[in-house]
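Asker: attaching a predicted model along with its sequence, questions to come.
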Amino acid sequence: MKHLIDIKDLSADEIFNVFSQTLEIKNNSKKKNSKILRGKTIANLFFENSTRTLVSFELAAKRLGAHVVNVNIGKSSTTKGETLRDTIQTLEAMQVDAFVVRHTENQICEKIKSWLKSKTVLINAGDGNNQHPTQGLLDVFTILQHKKNTEELKITIIGDIKNSRVANSLIDCLHILGNKNIHLFGPEKLLPVSHDKAHIDTSMHAAIENTDVIIMLRIQKERIQDNNIPDLDNYHSNFGLNRTSLSHAKPSCIVMHPGPINRELEISSEIADSTPSVILEQVQNGVLIRQAVLKLLLG
Amino acid sequence: MKHLIDIKDLSADEIFNVFSQTLEIKNNSKKKNSKILRGKTIANLFFENSTRTLVSFELAAKRLGAHVVNVNIGKSSTTKGETLRDTIQTLEAMQVDAFVVRHTENQICEKIKSWLKSKTVLINAGDGNNQHPTQGLLDVFTILQHKKNTEELKITIIGDIKNSRVANSLIDCLHILGNKNIHLFGPEKLLPVSHDKAHIDTSMHAAIENTDVIIMLRIQKERIQDNNIPDLDNYHSNFGLNRTSLSHAKPSCIVMHPGPINRELEISSEIADSTPSVILEQVQNGVLIRQAVLKLLLG
Amino acid sequence: MKHLIDIKDLSADEIFNVFSQTLEIKNNSKKKNSKILRGKTIANLFFENSTRTLVSFELAAKRLGAHVVNVNIGKSSTTKGETLRDTIQTLEAMQVDAFVVRHTENQICEKIKSWLKSKTVLINAGDGNNQHPTQGLLDVFTILQHKKNTEELKITIIGDIKNSRVANSLIDCLHILGNKNIHLFGPEKLLPVSHDKAHIDTSMHAAIENTDVIIMLRIQKERIQDNNIPDLDNYHSNFGLNRTSLSHAKPSCIVMHPGPINRELEISSEIADSTPSVILEQVQNGVLIRQAVLKLLLG
């Protein structure tokens, strides 16, 4: 494991290794002043707006003692006509040890990897609608904080599956760990016709019935093509999670969401803010997973 | 003292405790590399533009060894439709130990406090035209660097009293410490009709006559309602501090201003840049007061 | 050496002192966690967009253990009508130890120096089309990594000489070290008629013939006055560096560029990305030179 670009590059063993590092960091989480990455430099290169993922990576790196540089892309040389390749190679020449990259373009990290001249580490923090591997890891880690294993669970993902890098990384991670019972549901135009790792359901009821874990996806208005925009007025009654739709799940079912939430659109506040929701645990685990990944790749 | 939201929540003893911590830090100010807050995380959430207050809090936290995150609000999830409550709870889940908040909305910190789920500390860095408690503390601390006590002083505040959170926190702080001789003056529409803790004066001469301390307020064009905008052409001659208007004060009178200054509008450069002015001392003390507050709340 | 404003303020001995510090840091570059500037505060004040120079200074300061504040000028008090002088004096009162300033105005650092009240250090990171002294130092340092000395070299600078602070600082630095063989070439309107420290050439061939070092300058569209914009369609064939134009230089000739590069405009990718190019070495040396300068001025 030299980079973290696509969760499919990881074996089950490597995933469990990330989780065991995460647990170790979680158990020592009173101590947020490690020296493990002292002298290392992490550059956050975010070409899309973000608070939670950027701050999560920033805190993960700082709590491990690294130097962190948030490159202000709006002000960057790319606006002076410099190519992304030159930006990357310039920062690499400044002896940056790892890039954390978010970009609108799918597979951009494969390009970036081909440009690297030294042992600089590359972490994909979300590329287009392709992958968001640390999100997949934190989602599965959070499930394992509540369930004995993932293989035997029914896991339901609801919403804009087609445009979701979060769904991709989650499905891939569960698949690597042996799960065969992933169910997908959402508006017809935002749902694939078939999926080699998951069942496509035809009703909210079927998707949720007797399920162990529900992951609600954010309606990302900025990522949906014009002709596919769902009927937002009726979205909640058709595809939203609330007390009624949740009632078909197992009583022990947990509810997840990658955030930021559109309240009363994909999820009711009543559900988001009460016991079945582990949304804020996901956020907390996100920093820890990123610490584990940085430690394993750079430590 | 668990948060610092409104200076009226403090007792005289608590205020003097902040001052004695500030003095201790000032006397050790060669050493700007304390480890008191090592491992703690401070998040600056500024919803209004600011340089001086933001940098002041940032330096205070860094000099105490904390991790500091400046959340870029313009780029934040709030622009993706996330509520402020979700932003706060998300950052809190990342184990932020203190929020420093500046916001246009009065009393926003009471709302934020009600959303906190753990022992996260909240520091008000200015809410609407309500309170700016660390400014009040640094103003009174600066007065006490020049005068034996505050109770027996005549203290004059001039300018846009109505819209000034700086005036509010300063008046409240002086009141808690026992001062009964605060005088207010300014354009009629920017002056309250009466004040339970201060005298409203009817002329610049009356306000300044024999005074010990003058605090000039900044004309904040962005905060004044349309129909209340004063006559800026004549503002300086009517309400500005210059050699002539200052001549009625005591010879030992000191001159203060929270900054940034509108030169030749509320204050002449001649006064701002010469002996009676302690404006830059206020700036210096600001960092120290914020260090003391962070240390007391988090240390 | 109290500030670094103009490279002409340095003697040859002082320049070599910077270089020997740089070499020492380079030889210890595995260790990027020095404590030399622990407790010091560096404020980066960039009034022009920049990635590479800003990140370079930020990393230099952090790797020496300093607190770094990047003042967000767009959000700063200067937009509230505060003068630059007040911004500087305010930050200085917060006990900033050094300002790193980039500004569109020539000689702005002389003004800023006159406003400083204490021993605060001033480093010019580029002022208008006047000086960029750390760039001049890193350029000459990079030459000396490849050549025994600078005095006996033919050195060729090509492009927009008139608007280039990079060219100014480089020419001044080479001149101080005794070089008499600097050649300049570029579009007629962007070339001075005469130069007291350099030869003005009348053809690309003459400028490059038998040269040891070529520095290609960036066409800075934002800095060129309307009536002087060169013919960009034919720029590369007239003034660009490529295999053909480079063929007249010595075989050992090295190629430099301050970046960011306009590929296929002033330089072909073939040259920029192959052996004669030391462009990325310049970037790497830039951080080291800035570390040396900070250490000498503040350590």
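Answerer: Sure thing, it's come through. Just so we're clear, the structure is a prediction, and the values are computed from it rather than from any experiment.
Asker: for the rest of this, base every contact and every neighbour count on C-alpha atoms.
Answerer: OK.
Asker: just the strands in chain A please.
Answerer: With DSSP state E as the criterion, chain A has strands at A:41-46, A:67-71, A:98-103, A:121-127, A:155-158, A:182-185, A:199-200, A:213-216, A:254-256.
Asker: partners of the third one, with directions?
Answerer: It stands for strand A:98-103. Strand A:98-103 sits in its sheet next to strand A:41-46 (parallel), strand A:121-127 (parallel), going by DSSP bridges.
Asker: same list (those) but as JSON lines, adding mean pLDDT and mean neighbour count.
Answerer: Compiled in JSON lines, these are given as follows (pLDDT from 0 to 100; neighbours: other CA atoms under 10 Å in any protein chain shown):
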{"stretch": "strand A:41-46", "mean pLDDT": "96", "mean neighbour count": "23"}
{"stretch": "strand A:121-127", "mean pLDDT": "97", "mean neighbour count": "24"}
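Asker: nearest to B:Glu264, out of those strands?
Answerer: strand A:41-46 (43.2 Å; CA to CA).
Asker: next one: that closest one to chain centre, how far?
Answerer: Put simply, strand A:41-46 sits 17 Å off its chain's centre (CA atoms, centre = their mean, to the nearest Å).
Asker: ditto for stretch A:258-267
Answerer: 15 Å.
Asker: first to last residue in that stretch, what's the distance?
Answerer: In stretch A:258-267, first residue to last residue: 12 Å (CA to CA, to the nearest Å).
Asker: got a list of contacts for it?
Answerer: A:135, A:159, A:166, A:216-219, A:232, A:235-236, A:239-242, A:269, A:279, A:282, B:77, B:80-82, B:86 (CA atoms under 8 Å, 6 or more residues apart in numbering or on different chains).
Asker: point me to the residue of the stretch 101-250 of chain A nearest chain B.
Answerer: Closest contact between the stretch 101-250 of chain A and chain B, by CA to the nearest CA, is at A:Gln220 (8.6 Å).
Asker: what sits against that residue?
Answerer: A:Asp160.
Asker: returning to what we had before: which ones among the contacts of stretch A:258-267 map onto helices?
Answerer: A:135, A:166, A:232, A:235-236, A:239, A:269, A:279, A:282, B:86 (DSSP state H).
Asker: tell me the buried residues in stretch A:275-288?
Answerer: A:276-288 (16 or more other CA atoms under 10 Å in any protein chain shown).
Asker: swap that for stretch A:11-27, sorry
Answerer: Those would be A:15, A:18-19, A:21-23, A:25-26, for stretch A:11-27 by 16+ other CA under 10 Å.
Asker: please apply the same query to stretch A:169-179.
Answerer: Buried positions in stretch A:169-179, judged by neighbour count with 16+ other CA under 10 Å: A:169-177, A:179.
Asker: what sits up against that stretch?
Answerer: A:6-8, A:11-12, A:131-133, A:135-137, A:139-140, A:150-153, A:182, A:197-198.
Asker: again, only this time at 6 Å
Answerer: Under the contact criterion CA atoms under 6 Å, 6 or more residues apart in numbering or on different chains, stretch A:169-179 has outside partners A:12, A:131-133, A:136, A:151.
Asker: switch those residues over to CSV; also include distance to B:Ser118 and pLDDT.
Answerer: Formatted as CSV, those follow (distance: CA to CA, whole Å; pLDDT from 0 to 100):
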residue, distance to B:Ser118, pLDDT
A:Ala12, 35, 98
A:Gln131, 33, 98
A:His132, 29, 98
A:Pro133, 29, 98
A:Gly136, 27, 98
A:Glu151, 34, 95
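Asker: next one: the least confident helix or strand in chain A by mean pLDDT to chain centre, how far?
Answerer: For chain A, using mean pLDDT, DSSP states H and E, the weakest element among its helices and strands is helix A:232-239, scoring a mean of 90. On the basis of CA atoms, centre = their mean, helix A:232-239 sits 24 Å off its chain's mean C-alpha point.
Asker: for stretch A:257-267, same thing?
Answerer: The answer for stretch A:257-267 is 15 Å, by CA atoms, centre = their mean.
Asker: how close does A:Leu138 get to A:Ile161?
Answerer: 18 Å.
Asker: and for A:Thr211?
Answerer: 18 Å.
Asker: return the member of the ones in helices among the contacts of stretch A:258-267 nearest to chain C.
Answerer: B:Asp86 (24.7 Å).
Asker: residues from the stretch 151-299 of chain A in reach of chain B?
Answerer: Taking CA under 6 Å from any CA of the partner chain as the contact definition, the stretch 151-299 of chain A meets chain B at A:260, A:280, A:284.
Asker: and which of those residues is nearest B:Gly39?
Answerer: Of all these, A:Gln284 has the smallest distance to B:Gly39: 16.1 Å, by CA to CA.
Asker: tell me if I'm right that that closest one and B:Met94 touch.
Answerer: Yes - counting by CA atoms under 6 Å, B:Met94 is a contact partner of A:Gln284 at 4.9 Å.
Asker: number of nearby residues for A:Arg85?
Answerer: 14 (other CA atoms under 10 Å in any protein chain shown).
Asker: give the closest residue to it in space, chain neighbours not counted.
Answerer: Among residues not flanking A:Arg85 along the chain, A:Trp115 sits closest, at 6.6 Å (CA to CA, 6 or more residues apart in numbering or on different chains).
Asker: so how far is B:Val278 from the one you found?
Answerer: From A:Trp115 to B:Val278 the distance is 55 Å (CA to CA).
Asker: can you list the weak-confidence ranges in chain A?
Answerer: Low-confidence segments of chain A, defined by pLDDT under 70: A:74-82, A:222-226.
Asker: can I get the residues of the stretch 151-299 of chain A next to chain B in TSV with distance to A:Lys40?
Answerer: Converted to TSV, those look like this (distance: CA to CA, whole Å):
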residue	distance to A:Lys40
A:Pro260	30
A:Leu280	29
A:Gln284	24
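Asker: nearest to chain B among those residues?
Answerer: For those, the nearest to chain B is A:Gln284 (4.9 Å; CA to the nearest CA).
Asker: how close does the closest one sit to B:Leu170?
Answerer: 39 Å.
Asker: still on that earlier bit, name the nearest of the buried residues of stretch A:275-288 relative to B:Lys111.
Answerer: For the buried residues of stretch A:275-288, the nearest to B:Lys111 is A:Leu280 (19.1 Å; CA to CA).
Asker: show me what contacts A:Ile42?
Answerer: Counted by CA under 6 Å, 6+ apart, A:Ile42 has contacts A:68, A:97-98.
Asker: go on, A:Met256?
Answerer: A:215, A:278-279.
Asker: mind listing the residues bridging to it?
Answerer: Beta-bridge partners of A:Met256, as defined by DSSP bridges: A:Ile215.
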